[in-house]
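Chemist: Dropping the sequence and predicted coords here.
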Amino acid sequence: MFDSCKSIHAKICNPKFRGLWLQMGIIISCLVMLSPVAMASGTATTTAANAPLAWWIWPSSLFIVTLLMGIAAVLGGIGGAVLYVPIISGFFPFHLDFVRGTGLLVALCGSLAAGPSLLRSDLANLRLAIPVALIASLSAIFGAMVGLSIPANIVQTLLGVIILGIVALMFTAKKSEFPDVPKADMLSSALRIHGIYTEGSTGQAVNWKIHRTPMGLIMFVFIGFMAGMFGLGAGWANIPVLNMLMGAPLKISVGTSKFLLSITDTSAAWIYFNKGCTIPMIVIPSLIGIMLGSFIGVRLLKKAKPTFIRWMVICLLTIAGLKALQTGLK
């Protein structure tokens with residue numbers, strides 16, 4: 001019996017099956033992600049006439065969901081707020097204003113943690129970030145004010161449309177590691193937006209510049225507005241514009257986008273904070289769960305298969321987008 005148990009253990013621990021166990025674990029985690037919510041929702045239905053739910057059920061469920069969400073966000077290469085706002089607003093009984101305010105804090109927390117190291121390693125460029133941040137911050141403030149002034153059901157409907165649009169963007173977007181920029185335009189030359197960074201995979205110094213700067217700045221007006229209005233952060237849109245439209249290298253686009261969130265999301269988050277749309281019961285478990293999930297996701301990133309993770313994130317966003325549409329159209 002001992003030998004048979006030993007052989008079973010050897011088969012389970014076989015390196016050939018580690019990828020399979022990892023994928024099964026992620027699938028189970030995604031299913032468990034909604035189980036506390038479903039249990040609490042069912043309890044709410046059956047006990048509504050008798051007694052209210054215990055206060056700790058929703059924060060505990062929120063911590064579990066955001067923990068798994070942080071893992072999925074890192075593995076999928078997207079910002080946590082993109083998953084946070086549609087999923088939490090769709091499956092938790094929190095008002096959308098509180099969810100959007102916390103979503104901006106979730107994105108802000110991750111960018112503040114990563115910003116200094118990105119600047120030190122020259123993966124985030126201040127000359128590229130500052131003009132973009134000024135425009136996006138102003139439009140994010142305006143977007144937050146507009147989002148708080150219109151009915152929640154309209155915002156939910158628009159949120160569902162935006163999330164499904166992000167899904168379509170993930171399907172079609174093709175990022176380029178080193179875009180071809182034959183010549184810098186006049187505006188980027190005047191602002192001296194260029195730089196050098198060391199490519200870690202080859203050890204070579206890469207000189208880069210950008211073009212189509214006026215068009216890119218106009219795009220960031222709309223990106224900042226949507227970030228403030230829906231509380232999604234803007235990483236999902238920053239990277240395609242910086243990389244595919246303006247021609248910045250992919251690593252510079254990712255690093256600068258992450259740094260940008262610490263500026264643009266602060267402006268929009270202050271509007272929600274000033275209106276009383278951030279409460280500790282939602283903010284504290286969300287930030288702790290997202291941060292712990294991010295640490296775990298970084299460790300799993302080397303073993304997870306990118307294609308599987310990409311499809312998992314697309315499925316999650318599709319479900320969340322449809323749920324937001326359903327909630328908004330009721």
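Modeler: Now that the structure is in, tell me what you want to look at.
Chemist: And the helices in the stretch 101-250 of the chain?
Modeler: 126-149, 152-172, 186-190, 213-230, 235-240, 250-274 (DSSP state H, counting those that start in this stretch).
Chemist: neighbouring contacts of the third one?
Modeler: Applying CB atoms under 8 Å, 6 or more residues apart in numbering, the external contacts of helix 186-190 come out as 194, 209, 210, 211, 213, 214. In this view, the C-beta of every residue, glycine as well, is placed from N, C-alpha and C.
Chemist: The first one touches residue 211, doesn't it?
Modeler: Pointing back at residue 194 there. No: counting by CB atoms under 8 Å, residue 211 is not a contact partner of residue 194; they are 10.9 Å apart.
Chemist: which residues are common contacts for these two?
Modeler: 184, 188.
Chemist: So if I had to pick from these two, which one is more boxed in?
Modeler: Shown here are residue 194 and residue 211; by other CB atoms under 10 Å, residue 211 has more neighbours (21 against 17).
Chemist: Can you list the low-confidence ranges for the stretch 101-250 of the chain?
Modeler: For the stretch 101-250 of the chain, the stretches with pLDDT under 70 are 113, 173-177, 200-202, 233-235.
Chemist: Residue 248: neighbouring residues, count only.
Modeler: The local packing of residue 248 (other CB under 10 Å) involves 30 other residues.
Chemist: Find the residue closest to it in space, skipping its chain neighbours.
Modeler: residue 242 (4.7 Å; CB to CB, 6 or more residues apart in numbering).
Chemist: Contacts only, for that neighbour.
Modeler: Counting by CB under 8 Å, 6+ apart, the residues that residue 242 touches are 128, 132, 210, 216, 248, 252, 253, 256, 257.
Chemist: follow-up on the earlier one: what's the closest of the helices of the stretch 101-250 of the chain to residue 114?
Modeler: Nearest to residue 114 among these is helix 250-274; the distance by CB to CB comes to 5.2 Å.
Chemist: how much distance is there from the helix or strand following that closest one to the middle of the chain?
Modeler: Note on helix 250-274: by DSSP states H and E, the next helix or strand toward the C-terminus is helix 280-300. Distance, stretch centre to chain centre, for helix 280-300: 12 Å (CA atoms, centre = their mean, to the nearest Å).
Chemist: same for helix 280-300, what does it pack against?
Modeler: helix 57-76, helix 80-91, helix 96-120 (3 or more CB pairs under 8 Å, 6 or more residues apart in numbering; DSSP states H and E).
Chemist: switch the cut-off to 10 Å
Modeler: helix 18-47, helix 57-76, helix 80-91, helix 96-120 (3 or more CB pairs under 10 Å, 6 or more residues apart in numbering; DSSP states H and E).
Chemist: Now do the last one against helix 152-172, angle only.
Modeler: Relative orientation of helix 96-120 versus helix 152-172 (axes from the mean of the first three to the mean of the last three CA atoms, to 10 degrees): 40 degrees.
Chemist: buried sites along helix 96-120?
Modeler: For helix 96-120, a neighbour-count test (16 or more other CB atoms under 10 Å) marks 96-111, 114-115, 118-119 as buried.
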